[in-house]
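> Return a 3D structure for these sequence lines:
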Amino acid sequence: MSQVQLLEKIYSNEIEENLKLILSTLEDGKALDLQVIDLEGKTNIAKYMVITSGRSGFHAGGLAQKLIKSLKESKVKYISVEGLTESQWILIDLLDIIINIFHPGVREIYNLEKMWKI
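As a prediction, this is how the structure comes out:
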């Protein structure tokens, strides 16, 4: 195995481990209707998209804060967060995984699942 192949394998394992952490953290926080979309072959913006909802804006914000804390404790290198203050649509970008946490009513409006499950 070449060094490039080894690095690709390590990097791929890191993405999968991050995805497991994200899903377990959101499940522990009682996230609603948790969906994972594999973006491979659809776009190069990320490998996975995670979509979920909170019961309210307060719950969605709490889920995001708990997830950000878990990611930082796991030493995830890049975390960008948008929308946390409003807690209607919170986007957490890890470069290879994009997490969308919605207030339920807002999720219905944007319907990301339909757009990305082409």
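> residue boundaries of the helices in this protein?
Along the chain, the segments classed as helices by DSSP state H run 3-28, 57-73, 104-110, 112-116.
> which residues touch the third one?
Among residues not part of helix 104-110, those counted as contacts by CB atoms under 8 Å, 6 or more residues apart in numbering are 32-33, 51, 53-55, 88-89, 102. All C-beta atoms are positioned from the backbone trio N, CA, C, and that covers glycine.
> Show me the residues you listed that map onto strands.
32-33, 51, 53, 89, 102 (DSSP state E).
> picking that back up, buried deepest among the helices of the chain, which one?
helix 57-73 (a mean of 18; mean count of other CB atoms under 10 Å).
> Quick check: beta-bridge partners of the residue most central in space within the chain?
Among the residues of the chain, the one closest to the centroid is I99, at 2.3 Å (CA atoms, centre = their mean). I99 has these beta-bridge partners by DSSP bridges: V50, I92.
> Just to check, it is in contact with I92?
Yes - the pair I99 / I92 is scored as a contact, 4.2 Å apart, by CB atoms under 8 Å.
> What separation do you get for K77 and I97?
12 Å (CB to CB, to the nearest Å).
> More neighbours: these two, which one.
I97 (22 against 8; other CB atoms under 10 Å).
> ok, now which ones touch that one?
By CB under 8 Å, 6+ apart, the contact set of I97 is 15, 18-19, 22, 46-50.
> Then K77?
K77 touches nothing, counting by CB under 8 Å, 6+ apart.
> before we move on, what about I90?
60-61, 64, 81-84, 99-102.
> I'd like to know how far it sits from K75.
21 Å.
> how about a markdown table for the ones in strands among the contacts of helix 104-110, with pLDDT, distance to L71 and neighbour count added?
Formatted as a markdown table, the ones in strands among the contacts of helix 104-110 follow (pLDDT from 0 to 100; distance: CB to CB, whole Å; neighbours: other CB atoms under 10 Å):
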| residue | pLDDT | distance to L71 | neighbour count |
| --- | --- | --- | --- |
| L32 | 97 | 20 | 16 |
| D33 | 95 | 21 | 11 |
| I51 | 97 | 17 | 21 |
| S53 | 97 | 19 | 22 |
| W89 | 96 | 19 | 18 |
| F102 | 96 | 19 | 26 |
